[in-house]
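Q: Take a look and give me a structure for this.
(chains A, B and C)
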Amino acid sequence: MIVLAVSGLQKRFGGVRAVDDVTFSIVAGEILALIGPNGAGKSTCFNLINGQITPDHGTIHLHGRDITGLAPRQIARLGVGRSFQIAAGFASMTVRQNLQTALAAHHRQSWRFWHDAMGAHVAEAAALLARVGLAAQADRAAGVLAYGDLKRLDLAIALAGAPGLLLMDEPGAGMALAERGALMRLVQKLAREDGMAVLFTEHDMAAVFAIADRVVVLDRGKILASGDPASVRANPVVQARYLGSGR
Amino acid sequence: MSFFLTQTLTGLASASSLFLVAAGLTVIFGVTRVVNFAHGSLCMLGAFIGWSILTRLPRDPAWFALGVLGTAAATALIGAALEIGLLRRIYRAPELFQLLATFGVVLVLADATLWLWGPNDLPLPRPPWLRQFVMIAGSRFPLFDLVLIAIGPLVLAGLLLVFHRTRWGVLVRAATQDRDMVAALGVDQRLLFTSVFALGAGLAGLGGVLALPAGSANLQIDLAVITEAFVIVVVGGLGSIGGAYLAAVLIGVLQAFGVVVLPGATLVLVFVVMAVVLVVRPYGLLGRDRGESRTDAEAVTLQRPAGLWQITAAGIGLALFLAAPLLFGPFAMAIATEMLVAMLFAASLHVMMGPGGMPSFGHAAWFGIGAYGAALLAQNLATPMPLALAGAPILAGLAAFAVGAFIVRLSGVYLAMLTLAFAQIVWAVAVQFVGLTGGDNGVLGVWPADPRGFYYVALGLCVGGVLILRRVLFSPFGFALRAGRDAPARAAASGIDMTAHRLAAFTLSGATAGLAGAIFTYSKGSAFPTYISVSHSVDALIMVLLGGIGSLAGPIIGAIAYTGLFDLLLATDFWRARLGAIIIALVLFFPAGLAGWAERRR
Amino acid sequence: MTYLLEASQLSAGYGRATILDGIALALPTGAITALLGRNGAGKSTLIKTLIGLLPPRAGTIRFAGHEIASLPPWRIARLGIGYVPEERRIFTDLTVAENLMVGARARDDGRPGWTTAQIFALFPNLAERAHASARQISGGEQQMLAIARTLMGNPRLLLLDEPSEGLAPVIVDEMIAMLRRLRDGGITMLVAEQNLAFAGRLADHAIIIETGQVTWTGTMAALQSAPEIAALRLGV
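A: Sure thing, here's the model as predicted:
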């Protein structure tokens, strides 16, 4: 089942084609890595898919529905979750409250003025926290979490929306190697268990080749190569342009 | 034809002095990122100093020009002293504290001017050359206005020349874009900032003295000018000099025509223009998004439900308020009512500023709309008190909704300045629409039938209002609001409609402030324009910042403490200067706020 | 070996977060030192701390006989440290020539320093675009401008944060040659890099930082001859 289909996507900034005729799709349960040098267009692709910017040409379909040009909030409600490169929790709230807020939003309850938010979705929040390994931190303020834990919280908030597609922008950025590996394995497990499609960008090739089912290499806005990790790694053009001969 | 020409020329003449003041404000903001509330005070000082100089000089054009330049130089020096003595110490403080500190300067300078020059308006005796007219398209036009029309573009050209042809000017432009990088390249920031501040202050003084021939040196200039300058700077784009000139011309000409076509509605017209510009171009005509970073030292202050001791303290407090009329008599009842109203007022501002993340410098607008709403309902429509008390928050809420729809998308300084501008317009309406509002005399005779019974009504409404706000802050709505403040992109990615949540909070906050205003009206038996004054808005800010923006308990404690302090101060001469000095001291010694200070001591 | 800059026990961070946790480092005079580490290891923070944009919470920094740890950035820059930030931070509202003007400062010792003509000789591309808005020049030219602007202040030590980021390979080659020429002219450098290949071609020495602490110091040659160090510490 195709979750996301991106077709002929194009976006210019000034005279530069940041994203130029990009086409790919992801099926349920699949983990797709989007890699390439800085400025290759990865972030632009991401922002196009989650609605922060609108494409000049091309379409984006989610579960067969055209979502091109929708606002980020609307796209989020259609089941696209995202985690941020620089993880951002709701700093002035506890970890549990962070999730209660996200869960309330998912259940379309953010306009309830008179319910007690702290008594709502307690079990659901606890389950999510347990899944990402934050159960012990539930009552701490998000603003004082260690960075690795903040990344997990960010992921848990994204999962609270029960997304069919999860977008992760450099999930490993800023994390220690061991933490990074654990997070990537967690994502892999979630994708397998929930049949969630995952699209992520990452500089750390070890992480990419460890968990990705498929890899798309971007270079100056265009798709340079795509395929399973082994074939991409062996691709001479990719080696010359991006990975470098040392790998 | 001649009507259009003369009105356009009149508009251009007033645009010139507006531009001088706004240019100084915008240059100072561009480089130092401080919104200088005291800029209007510098303009006022220019008028008074200019009056003192010009009345002592021979009355011919050459000496006049020299006196004008001397005045500008004097205000530039005062500006430099202000920068070195105060602003330099608070560049790293949160922006609201900077605004507060410069407002403290406004208060001190207002009393200093009163002390030096006395309370009377000082018109400049006009020699014959200043009274000359020229014939333009068949009508007489003041010669001096033509001089003013020329001065605006001349100063603009001079500034642009300095900014593009001198190294100092290039440094100023570079610092406007990225002051940290300029410092990292070895440019002495202190010198740059001081000189920029002196230039801006000099321009304000110039604007003040050049407006003398058409008016007088008076004590109202400071706040009148700062509001107009804020509007122009926001419409033109913060930090853009060309934008300031465009906006000054736009608003000057608009006012010139407005006075004739829609007398009495000029200020409303100005606000409408500002709203339209900001809807089309959120950062002003020539402005750019400068990626304002929120300096929120207390972002990690956790919102907690009250603990046991807090509930106990609240219980004791409530018991005292309940017993006040029985134990202490009518005077205590009056003070207690004032405290209760202040509590609700501050709590409503907390909702907007704290969890809402929307700083407001014009919160008195909603208070005033509630106060006048209740007073006018009672007076003109003979509405019974319960209905008037219910109608007031609805009116204030509707107004807040209408204004908020335009401005909740903005953030930080922009929002603070626009709320202030709107409050000034409400204030102007209260003063100018004498037929409806009684002008400065206010609306009188709005008393409750039973004072003691009313005290308990007020107690119930204020405490109930605060409890309702508390309940909302801990509801899913409140959480979503807070989430959007903490991490807007993260909240949007979770499907939360931030703009709508902010607008709802803005409306709720306005309505609650309106209720506070209505209660206040009944407790005082009257509604006055002072309820809507800038200093009343600042009162609310001080209460919130004093107590700490992190929790709802902060503004409540702040309101009670501040009301007590204020009643002590009011009884003294030059209370404004004292209050100003206290504000400045607070900002200097507790730059992160009392709550932040307490947090660090823990 | 003499060291132009020595830091010890350096700690810094933002808000409650600690990013640098007791850093000790020394930069050999007249050499290029690469500052290596993962994303988030604290490279940019360290460089910002050295130039004074982020005041350290603890520790000392000695530069050419001066203690600079508590000085504001403009004083540090005037002592002879130039900073080329990661995002370049050129003044896009200004022209190329005006950007150079912001950085220009005479040498304290009265000897002749860099002139605009010399800078333009070193960066011929910039000479052609001297009066163009800095917004309109290419990414490579912007990087060159960021370096040129700093040179106008006649620094003895250059701090470069990820200079190769986002540049085409041809431009990177050009930049390596140019930086080595500057080094041969007597300028000491600290270059923060994630790209090990780039650092290997440029630097004489290397420092690796991990989670705010220095975990390896040595020559670039030593690092290159022991790939397991890079694999372990940098994850490459």
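Q: Only C-alpha atoms from now on, for both contacts and neighbour counts.
A: Will do.
Q: quick check: mean pLDDT across stretch B:187-195?
A: Regarding stretch B:187-195, the rounded mean pLDDT is 92.
Q: CA-only coordinates of the longest helix belonging to chain A, as CSV, when you get a sec.
A: Ranked by residue count and defined by DSSP state H, the top helix of chain A is helix A:177-194. In CSV, the C-alpha atoms belonging to helix A:177-194 read as follows (Å, rounded to 0.1, in the frame of the first residue of the first chain):
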residue,chain,number,x,y,z
LEU,A,177,26.7,7.3,19.1
ALA,A,178,25.1,4.8,21.5
GLU,A,179,22.0,6.9,21.9
ARG,A,180,21.7,7.4,18.2
GLY,A,181,21.8,3.7,17.6
ALA,A,182,19.2,3.0,20.2
LEU,A,183,16.9,5.7,18.7
MET,A,184,17.3,4.3,15.2
ARG,A,185,16.5,0.8,16.3
LEU,A,186,13.4,2.2,18.1
VAL,A,187,12.2,3.8,15.0
GLN,A,188,12.8,0.6,13.0
LYS,A,189,10.8,-1.3,15.6
LEU,A,190,7.9,1.2,15.5
ALA,A,191,7.8,1.0,11.7
ARG,A,192,7.7,-2.8,11.7
GLU,A,193,5.1,-3.0,14.5
ASP,A,194,2.7,-0.3,13.4
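Q: where's that helix relative to the chain centroid, distance-wise?
A: Offset of helix A:177-194 from its chain centre (Cα atoms, centre = their mean, to the nearest Å): 13 Å.
Q: For chain A, list the residues in contact with chain B, please.
A: By Cα under 8 Å from any Cα of the partner chain, the residues of chain A that approach chain B are A:72-77, A:81-82, A:84, A:88-94, A:97-98, A:101-102, A:104-106, A:109-118, A:141-144, A:157-158, A:161.
Q: Sort out which residues of stretch C:71-87 are buried, please.
A: For stretch C:71-87, the neighbour count (16 or more other Cα atoms under 10 Å in any protein chain shown) marks C:72-86 as buried.
Q: Of those, which belong to helices?
A: Among the buried residues of stretch C:71-87, the members falling in helices (DSSP H) are C:73, C:74, C:75, C:76, C:77, C:78, C:79.
Q: For the residue nearest to residue C:31 when sequence neighbours are not counted, list the residues it contacts.
A: Of all residues not flanking residue C:31 in the chain, residue C:188 sits nearest, at 5.2 Å (Cα to Cα, 6 or more residues apart in numbering or on different chains). Residue C:188 makes contacts with C:4, C:27, C:28, C:29, C:30, C:31, C:32, C:156, C:157, C:158, as judged by Cα atoms under 8 Å, 6 or more residues apart in numbering or on different chains.
Q: So what's the residue count around the second one?
A: Residue C:27: 24 surrounding residues under other Cα atoms under 10 Å in any protein chain shown.
Q: Is it located within a helix, as I assumed?
A: No - per DSSP: H, G, I helix; E, B strand; the rest coil, residue C:27 lies outside any helix segment and is strand.
Q: shouldn't residue B:97 be in contact with residue B:587?
A: Yes - between residue B:97 and residue B:587 there is a contact under Cα atoms under 8 Å: 6.2 Å.
Q: A helix includes residue A:139, no?
A: No - judged by three-state DSSP, residue A:139 forms no part of a helix; its state is coil.
Q: Got phi/psi on it?
A: Dihedral pair for residue A:139: phi -100, psi 10, per degrees, to the nearest 10.
Q: Residue B:57: which of the buried residues of stretch C:71-87 is nearest?
A: Within those, the smallest distance to residue B:57 is 44.6 Å, found for residue C:74 (Cα to Cα).
Q: per-residue pLDDT, the closest one?
A: For residue C:74, pLDDT reads 94.
Q: try the one 5 residues further on
A: Among the per-residue scores, residue C:79 holds a pLDDT of 94.
Q: And for the one 4 residues further on?
A: pLDDT recorded at residue C:83 is 96.
Q: Name whatever forms a beta bridge with it.
A: residue C:159 (DSSP bridges).
Q: Please report how far it lies from chain A.
A: Residue C:83 sits 22 Å away from chain A when distances are taken as Cα to the nearest Cα, to the nearest Å.
Q: can you tell me which residues contact that residue?
A: B:184, B:185, C:51, C:77, C:150, C:158, C:159, C:160.
Q: Pick the one among those residues closest to residue B:540.
A: Checking the contacts of residue C:83 against residue B:540 with Cα to Cα, the nearest one is residue B:184 at 39.1 Å.
Q: Check the gap between the closest one and residue C:145 for me.
A: 15 Å (Cα to Cα, to the nearest Å).
Q: Residue B:338 contacts residue B:521, doesn't it?
A: No - with contacts counted by Cα under 8 Å, residue B:338 stays clear of residue B:521, the gap being 10.7 Å.
Q: Between these two, tell me which one has more neighbours.
A: Neighbours were counted for residue B:338 and for residue B:521 using other Cα under 10 Å; residue B:521 has more, 29 against 21.
Q: What residue spans form the domains of chain A?
A: Per the record, chain A has its domains at A:1-79+A:165-171+A:196-247, A:86-162, by automatic domain parsing.
Q: Worst mean pLDDT among the ones you listed?
A: The stretch with the lowest mean pLDDT among the domains of chain A is domain A:1-79+A:165-171+A:196-247, at a mean of 87.
Q: Leaving out the residues flanking it, which one is nearest to residue B:498?
A: residue B:484 (6.0 Å).
Q: Which members of the residues of chain A next to chain B occur in strands, if any?
A: A:81, A:82 (DSSP state E).
Q: Keep only the residues of chain A next to chain B that also lie close to chain C.
A: Restricting the residues of chain A next to chain B to contacts with chain C (Cα under 8 Å from any Cα) yields residue A:144.
Q: Can you say which of the residues of chain A next to chain B are buried?
A: So, by 16+ other Cα under 10 Å, the buried ones in those are A:72-77, A:81-82, A:84, A:88-94, A:97-98, A:101-102, A:104-106, A:109-111, A:113, A:115-118, A:141-144, A:157-158, A:161.
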